[in-house]
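**Q** no sequence for this one, just the structure:
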């Protein structure tokens, strides 16, 4: 007979008669028998909880497999990229709106920023951590007509520079020593863009920066596609075409070439990630199959998921150069694990690859795979989630029944303890009477047998 569930306390009986231990045994046996339904239901709940845990693991790995397929679909048309013939002159980035093609640019001048220093004659600062060029606690910074009110944290040159840098005014403040061995720290303010920039700092009574500036900025200049027209810019980063941004780094004696086209390196990475996600799904599902299978052993869901995985790797479509995962570079080894060979992938034409992959709603491998997995692994309506939800409902209902049964067993225990206490008391009373009359008889007839 199984032991009483740990959720039910072991019944105790403290009697006075010589039959107290027998009554305790009777009570224990009765409660054990009454507790059997509770134990069976608790075992059922434990099994369902193990199944839910296994389902959560499957939901995770099959969800990752779905995500990997989604990434393949997103990158199957390639991502726009830009390459530059001489990256010491310029670099370029392209967005999906950039038109494929070849562009040329000649950088005549990368431009210079405007720099201005605090004026001669202001308070000499020998230590920027304690001194400042002005005793004011409030300043006004003006950049190309836009004003910024500054309140440095302390009346020091360091704090003033930090306030300028935190103003978001399009300038950068630094501190330079103009005094050599005898310190004379000055405030230097430089525009973040190239070209002429009007910069001034006022403490409420006077301007604090040189005017004209110490170094006036110059625009960046360049020409495009052999045109004689020179383009001017106040930034080293220019938009050469819609979706195509070029960073000007150095002057060039001749044009550099920028080529915009589709890049499929992301798709290659996606296929490699798909192989990893597939292998994780196979390994996790394998824990529910075979001689040492987990709590989902024998369930139809396990075989449906297995069939879905087999369908993915055995898919074939079309008569082109790419008509299977193997021709795409994805192959199974003897253990059922998938591997990706980028060399095979790179040897195929992108048009053949795209034809085989298709799209989630336009046919091909992606539509077939998406259709197979969505019905099983969709986080809201898939078979895995549906079975998990069903088990959760069953667990809740079973726990309610367990609670009712535990109440019944508890009531039974209380009633039996009361009844046995009364019986034990009666027995103890009879035993006392027996002892009394026995002693009385022996006192009256001492020579008689005690029997």
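**A** Received, thanks. All of these numbers come straight from a predicted model, not from anything done at the bench.
**Q** where does pLDDT dip in the stretch 301-450 of the chain?
**A** Counting by pLDDT under 70, the stretch 301-450 of the chain shows low-confidence ranges at 448-450.
**Q** residue boundaries of the helices in it?
**A** Applying DSSP state H, counting those that start in this stretch to the stretch 301-450 of the chain gives helices spanning 325-328, 342-347, 350-357, 364-377, 383-444.
**Q** tell me what the second one is packed against?
**A** Meaning helix 342-347. Other elements packing on helix 342-347 under the criterion 3 or more C-beta pairs under 8 Å, 6 or more residues apart in numbering; DSSP states H and E are helix 265-286, helix 325-328. The way it works is simple: take the backbone N, C-alpha and C, and place the C-beta from them, glycine included.
**Q** next: the shortest one.
**A** Contacts defined by 3+ C-beta pairs under 8 Å, 6+ apart place helix 325-328 against helix 342-347, helix 350-357.
**Q** want to throw these into TSV with distance to residue 430 and mean neighbour count?
**A** Output for the helices and strands packed on helix 325-328, formatted as TSV (distance: least, C-beta to C-beta, whole Å; neighbours: other C-beta atoms under 10 Å):
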stretch	distance to residue 430	mean neighbour count
helix 342-347	94	13
helix 350-357	92	18
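**Q** nearest to residue 315, out of those?
**A** Nearest to residue 315, of all the helices and strands packed on helix 325-328, is helix 350-357, at 9.2 Å by C-beta to C-beta.
**Q** from the chain's centroid, how far away is the closest one?
**A** Averaging C-alpha positions (C-alpha atoms, centre = their mean, to the nearest Å) puts helix 350-357 31 Å from its chain's average.
**Q** same question, stretch 197-208
**A** Computed by C-alpha atoms, centre = their mean, the separation of stretch 197-208 from the middle of its chain amounts to 49 Å.
**Q** ok, and what's touching it?
**A** Residues outside stretch 197-208 that contact it (C-beta atoms under 8 Å, 6 or more residues apart in numbering) are 113-114, 116, 118-119, 122, 133-134, 136, 138-145, 164, 170-171, 187, 189, 191, 209, 211, 213, 217.
**Q** one step back: of all the helices and strands packed on helix 325-328, which one comes closest to residue 231?
**A** helix 350-357 (34.6 Å).
**Q** that closest one - contacts with which helices or strands?
**A** Contact partners of helix 350-357 among helices and strands, from 3+ C-beta pairs under 8 Å, 6+ apart: helix 325-328, helix 364-377.
**Q** quick one: list the elements packing against the last one.
**A** Here helix 364-377 is seen to pack against helix 20-75, helix 300-313, helix 350-357, helix 383-444 when contacts are counted using 3+ C-beta pairs under 8 Å, 6+ apart.
**Q** so residue 308 is in contact with residue 371, correct?
**A** No: here residue 308 does not reach residue 371: they are 9.8 Å apart, not a contact under C-beta atoms under 8 Å.
**Q** what pairs with residue 148 across the strands?
**A** For residue 148, the beta-bridge partners under DSSP bridges are residue 141.
**Q** burial count for residue 361?
**A** Neighbours of residue 361 under the rule other C-beta atoms under 10 Å: 10.
**Q** so who does it touch?
**A** Shown in contact with residue 361 (C-beta under 8 Å, 6+ apart): residue 367.
**Q** ok, it to residue 370 distance?
**A** 8 Å (C-beta to C-beta, to the nearest Å).
**Q** swap in residue 376?
**A** From residue 376 across to residue 370, the span is 11 Å (C-beta to C-beta).
**Q** before we move on, the earlier item: let's have the helices and strands packed on helix 342-347 in a markdown table, adding distance to residue 154 and mean neighbour count.
**A** Shown next, in a markdown table, are the helices and strands packed on helix 342-347 (distance: least, C-beta to C-beta, whole Å; neighbours: other C-beta under 10 Å):
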| stretch | distance to residue 154 | mean neighbour count |
| --- | --- | --- |
| helix 265-286 | 50 | 19 |
| helix 325-328 | 64 | 19 |
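**Q** can you tell which of the ones you listed is closest to residue 57?
**A** Ranking the helices and strands packed on helix 342-347 by proximity to residue 57 (C-beta to C-beta) places helix 265-286 first, at 5.4 Å.
**Q** what about the closest one, distance to the chain center?
**A** The chain centre lies 18 Å from the centre of helix 265-286; the measure is C-alpha atoms, centre = their mean.
**Q** what comes into contact with that helix?
**A** In this structure, residues lying in contact with helix 265-286 by C-beta under 8 Å, 6+ apart are 57-58, 60-62, 64-65, 67-69, 71-72, 75-76, 78-79, 302, 305-306, 309, 312-313, 328-330, 336-340, 342, 345-346, 353.
**Q** on that earlier part again, would JSON lines of the helices and strands packed on helix 364-377 with distance to residue 203 be doable?
**A** Converted to JSON lines, the helices and strands packed on helix 364-377 look like this (distance: least, C-beta to C-beta, whole Å):
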{"stretch": "helix 20-75", "distance to residue 203": "55"}
{"stretch": "helix 300-313", "distance to residue 203": "72"}
{"stretch": "helix 350-357", "distance to residue 203": "64"}
{"stretch": "helix 383-444", "distance to residue 203": "67"}
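**Q** closest one to residue 319 among those helices?
**A** Here helix 350-357 is closest among the helices and strands packed on helix 364-377 (C-beta to C-beta), at 10.1 Å.
**Q** so which residues make contact with that closest one?
**A** Residues beyond helix 350-357 that count as contacts (C-beta under 8 Å, 6+ apart) turn out to be 72-73, 76-78, 262, 264, 267, 317-318, 320-323, 327-328, 345, 364-366.
**Q** secondary structure element for residue 97?
**A** For residue 97, there is no helix or strand it lies in under DSSP states H and E.
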